[in-house]
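K.L.:
Okay, structure incoming, though there's no sequence with it:
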């Protein structure tokens, strides 16, 4: 637990080091989560400055105005900002990670989870998302069920035993999946019967969501 501060909250990074009673791990988590964005917009640079004062470097911090102050390290890219938010807090005020990939997915003909409702039963569709759940119940005769999450909602994927075995490494290990298959509607529930599987980047999405697998 972060110690309570006496009086008022520090209004500088130096003040956080001196009065906050925080260790390096706590300072790093706060910096990466954006807690100091109002004091030092570059999150990487903020942590560098915090460590400098924690190690007793000479001189107080100079005031910061806007994003124009030179930084000793490059700022996070938009997707790195979202990744840092998810890694530290499990969510991001900047929105879902898939929004960073949507333009590229759109060029590949990948629809959103919400967009499946506008397609017809039996249509070939492509969907993509962060894998949040993988299930292969013993009563399902080898079928695998995967839930993908994008910025619009959830998409249910059904994989036959044969295709699961043929794509097992990709389906089980990839945190982000692109699935092409046939849309099926049963009693108002939409499923995609997966036929082809891809992962644009094996590392993409790894820090965003911890999937709940095979429960």
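P.N.:
Sure, I can see it. This one's a predicted model, so the numbers in the text were calculated from it and none came from an experiment.
K.L.:
okay, now the domains of the protein?
P.N.:
13-75, 97-213 (automatic domain parsing).
K.L.:
So what's the gap between stretch 13-28 and the chain middle?
P.N.:
The chain centroid and the centroid of stretch 13-28 are separated by 26 Å under CA atoms, centre = their mean, to the nearest Å.
K.L.:
er, stretch 169-184 actually
P.N.:
Relative to the mean C-alpha coordinate of its chain, stretch 169-184 is positioned 17 Å out (CA atoms, centre = their mean).
K.L.:
Residue 150 and residue 112 touch, don't they?
P.N.:
Yes: the pair residue 150 / residue 112 is scored as a contact, 5.7 Å apart, by CB atoms under 8 Å. In short, each C-beta sits where N, CA and C put it, glycine included.
K.L.:
more neighbours, these two?
P.N.:
Remark: of residue 150 and residue 112, residue 150 carries more neighbours, 24 against 20, as counted by other CB atoms under 10 Å.
K.L.:
Figure out which of the domains of the chain is closest to residue 82.
P.N.:
With respect to residue 82, and counting by CB to CB, the nearest of the domains of the chain is domain 97-213 at 5.3 Å.
K.L.:
So which of the domains of the chain is nearest residue 87?
P.N.:
With CB to CB as the criterion, residue 87 lies closest to domain 97-213 of the domains of the chain, at 4.7 Å.
K.L.:
Now do that closest one, average pLDDT.
P.N.:
For domain 97-213, mean pLDDT rounds to 88.
K.L.:
Help me confirm that residue 162 is found in a strand?
P.N.:
No: if the criterion is DSSP: H, G, I helix; E, B strand; the rest coil, then residue 162 is helix and not within a strand.
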